[in-house]
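**Student:** no sequence for this one, just the structure:
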């Protein structure tokens, strides 16, 4: 229930910014990486190249990313955030923080630490390394 409520709340906030959760994850990855080939990005995000391509198409239409050609191989290109995309990522990150605060600010400091430790333990014991993205 909590996972669904937190996720749905974040998705609603992002929708007001014309971004989906999957688009946010891709934009956040580009923010950290800089120009990167779609195939390398797909591997890092544990997504198919086709899924990354579809997300990239949508984000390019929204002018949040662009494709940069490779002068050595005309078939190859890299993805990079546009100025608008680079400016948007911190605003979306702030929405993520607001969303977390909305759901978890009812916990005491000690309860938050305990929850954080339990969740980290689950991640470690389950060997989770990626964020599932549709």
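**Tutor:** Right, received. Where do you want to start? Bear in mind that the values here come from a model prediction, so they are computed numbers and not experimental data.

**Student:** contacts, neighbours, all on C-alpha from now
**Tutor:** Fine.

**Student:** what about residue 42, neighbour count?
**Tutor:** 18 (other C-alpha atoms under 10 Å).

**Student:** report pLDDT for it.
**Tutor:** Note on residue 42: pLDDT of 91.

**Student:** ok, now residue 60?
**Tutor:** 97.

**Student:** how about the contacts made by it?
**Tutor:** Residue 60 is in contact with 66, 67, counting by C-alpha atoms under 8 Å, 6 or more residues apart in numbering.

**Student:** can you tell me the element it falls in?
**Tutor:** Per DSSP states H and E: residue 60 is located in helix 49-61.

**Student:** with residue 41 instead?
**Tutor:** helix 38-45.

**Student:** what angle do that helix and helix 49-61 make?
**Tutor:** Helix 38-45 and helix 49-61 meet at an angle of 110 degrees, taking axes from the mean of the first three to the mean of the last three C-alpha atoms, to 10 degrees as the criterion.

**Student:** tell me the buried residues in the helix holding residue 60?
**Tutor:** Buried residues in helix 49-61, counting neighbours by 16 or more other C-alpha atoms under 10 Å, are found at 49, 52, 55, 56, 59, 60.

**Student:** what residues are up against the residue nearest to residue 13 when sequence neighbours are not counted?
**Tutor:** Leaving aside its sequence neighbours, residue 13 sits nearest to residue 95 (C-alpha to C-alpha, 6 or more residues apart in numbering; 6.8 Å). By C-alpha under 8 Å, 6+ apart, the contact set of residue 95 is 10, 13, 14.

**Student:** OK, contacts around the last one?
**Tutor:** Same thing as residue 14. Residue 14 touches 20, 21, 92, 95, counting by C-alpha under 8 Å, 6+ apart.

**Student:** now with 7 Å?
**Tutor:** Neighbouring residues of residue 14 by C-alpha atoms under 7 Å, 6 or more residues apart in numbering: 20, 21.

**Student:** quick one: name whatever helix or strand follows the helix or strand harbouring it.
**Tutor:** Using DSSP H and E, the element containing residue 14 is helix 2-15. For helix 2-15, the following helix or strand on the C-terminal side (DSSP H and E) is helix 21-33.

**Student:** cheers, nothing more for now.
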